[in-house]
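Trainee: attaching a predicted model along with its sequence, questions to come.
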Amino acid sequence: MSLSMLGYVNRKVTNKDVQIQNRLVDFTRPPIETGDLNVKRDLYVSGTIHYGKFLPGQVANTLMLSNTDLGQTGKSITASSTITVFNYNYTPVTANSYLSIEYQTIYSLIGSGSDSVEAYLYVTDLSDNRIGKTYQQWNSFVGGGTRSGTMFPIVGRYTNMDTSVKNIRVDIYNHTDADTITVNSDISTWLKITEIGR
């Protein structure tokens with residue numbers, strides 16, 4: 001058998017062995033450095049392929065968290081006070097992304113007259129970043145409007161630049177003279193975090 005023929009047979013055997021064993025040899029240079037990775041036959045990988053980089057607009061991660069996931073309990077907010085409804089620590093999967101955050105829950109406000117409440121959505125890294133705000137106001141006239149259900153959902157977007165833990169929270173400020181806000185913790189309570197490449 002000629003030397004060139006032996007080389008051909010050896011390559012065939014090696015390739016067949018890789019295919020049968022579901023193994024891949026290590027790349028001498030990662031495809032991301034050398035260009036596209038073109039696969040002409042089936043590609044088998046034992047384990048998980050992890051993305052290292054995401055294109056602008058590409059979803060890197062999505063979480064949908066319930067009141068139980070958040071550890072949220074029902075809250076009562078007295079007049080002229082601010083409380084934190086929940087805290088959640090999120091670790092970004094990539095260092096160059098947006099965090100799109102949406103929060104929803106049921107609440108109600110007793111009383112009458114001219115009142116207002118505000119909700120704030122924060123993402124905290126080294127400092128507090130207020131990324132969303134909602135506001136509800138009632139007047140003291142007959143038919144003065146609903147006293148529940150319009151302050152939420154609250155949404156916002158945070159520009160993420162590293163993979164350190166980010167604390168997400170919602171605060172409510174009760175800007176009334178004597179009324180109490182009640183915030184539920186039940187199947188109406190959801191926090192959605194969508195991390196998007198940028």
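Mentor: Here it is on my side, so go on.

Trainee: how about the nearest residue to the most centrally placed residue in the chain, chain neighbours excluded?
Mentor: The residue lying closest to the centre of the chain (CA atoms, centre = their mean) is Ile193, at 2.1 Å. Nearest residue to Ile193 in three dimensions, chain neighbours excluded: Leu63, at 4.6 Å (CB to CB, 6 or more residues apart in numbering). Where you see a C-beta, it was placed from the backbone N, CA and C, and this is true even at glycine.

Trainee: helix or strand: which one has the one you found?
Mentor: strand 59-66 (DSSP states H and E).

Trainee: could you list the residues in contact with that strand?
Mentor: Defining contact as CB atoms under 8 Å, 6 or more residues apart in numbering, one finds that strand 59-66 is touched by 51, 54, 88, 90, 92-94, 97, 187, 189-197.

Trainee: and if we set it to 6 Å?
Mentor: Identification of contacts with strand 59-66 by CB atoms under 6 Å, 6 or more residues apart in numbering yields 54, 93-94, 97, 191-197.

Trainee: circling back: output the contacting helices and strands for whichever strand or helix holds the residue nearest to the centre of the chain.
Mentor: Per DSSP H and E, Ile193 falls inside strand 190-197. Counting contacts by 3 or more CB pairs under 6 Å, 6 or more residues apart in numbering; DSSP states H and E, strand 190-197 packs against strand 59-66, strand 97-104.

Trainee: for the contacts of strand 59-66, which one is nearest Pro153?
Mentor: Lys192 (9.1 Å; CB to CB).

Trainee: buried stuff in the next helix or strand after the strand holding Leu63?
Mentor: Next in sequence after strand 59-66, counting helices and strands by DSSP H and E, comes helix 67-70. When burial is assessed from 16 or more other CB atoms under 10 Å, helix 67-70 yields the following buried residues: 67, 70.

Trainee: next SSE downstream of helix 67-70?
Mentor: strand 75-77.

Trainee: so in that sheet, which strands flank that next one, and in what orientation?
Mentor: strand 181-183 (antiparallel) (DSSP bridges).

Trainee: show me what counts as buried in the strand it pairs with.
Mentor: So for strand 181-183, counting by 16+ other CB under 10 Å, buried means 181, 183.

Trainee: run the chain-centre distance for that strand.
Mentor: Centroid separation for strand 181-183 versus its chain: 25 Å, with CA atoms, centre = their mean, to the nearest Å.

Trainee: pLDDT on it, on average?
Mentor: Strand 181-183 carries an average pLDDT of 94.
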